[in-house]
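Trainee: Following is a predicted model, sequence given first.
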Amino acid sequence: MQLENLPTSASELTSLPAMSWMRFAKDLYAERIDQIYIFSDLERMKSEAEELRQLHAASITESEDTFSAKTNKERFDG
């Protein structure tokens, strides 16, 4: 989409048409996209980041437990 004048207010930005993911992927691959604006909710992003941190911490603890439960012989013999 070509714009003659860039949006200068939040209402102008949010009134721009959205693009489907398929169209976005095709245009991105074809190098037809020069700029991307991403609008997001800060509180939602913080919540999702915290959830990812917790999942990552749990997976690290689980893999450490599995590793420490093996003997040296099990680790090297497969």
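Mentor: Looks like it came in fine. Just so it is clear, the model here is predicted, and its values are computed rather than measured.

Trainee: Enumerate every residue touching Trp21.
Mentor: Counting by CB atoms under 8 Å, 6 or more residues apart in numbering, Trp21 touches no other residue. Placement of C-beta: from N, CA and C, glycine included.

Trainee: same question for the helix or strand that contains Ser47, mean pLDDT?
Mentor: Using DSSP states H and E, Ser47 sits within helix 42-69. Taken as a whole, helix 42-69 has a mean pLDDT of 77.

Trainee: Over to stretch 3-21?
Mentor: 83.

Trainee: In contact with Ile36, which residues are there?
Mentor: By CB under 8 Å, 6+ apart, the contact set of Ile36 is empty.

Trainee: got a pLDDT number for it?
Mentor: Each residue has a pLDDT score; the one for Ile36 is 83.

Trainee: same check, this time on the one 3 residues further on
Mentor: According to the model's per-residue confidence, Phe39 sits at a pLDDT of 73.

Trainee: Look up how far Leu13 lies from it.
Mentor: 7 Å (CB to CB, to the nearest Å).

Trainee: If you count surrounding residues, which of those two has more?
Mentor: Leu13 (12 against 7; other CB atoms under 10 Å).

Trainee: pretty sure that one is in contact with Pro7, am I right?
Mentor: Yes - contact criterion CB atoms under 8 Å: Leu13 and Pro7 qualify, at 4.5 Å.

Trainee: Look up how far Ala30 lies from Leu55.
Mentor: For Leu55, the distance to Ala30 - CB to CB - is 35 Å.

Trainee: and Phe24, how many residues sit next to it?
Mentor: Count around Phe24 with other CB under 10 Å applied: 13.

Trainee: Many thanks, have a good one.
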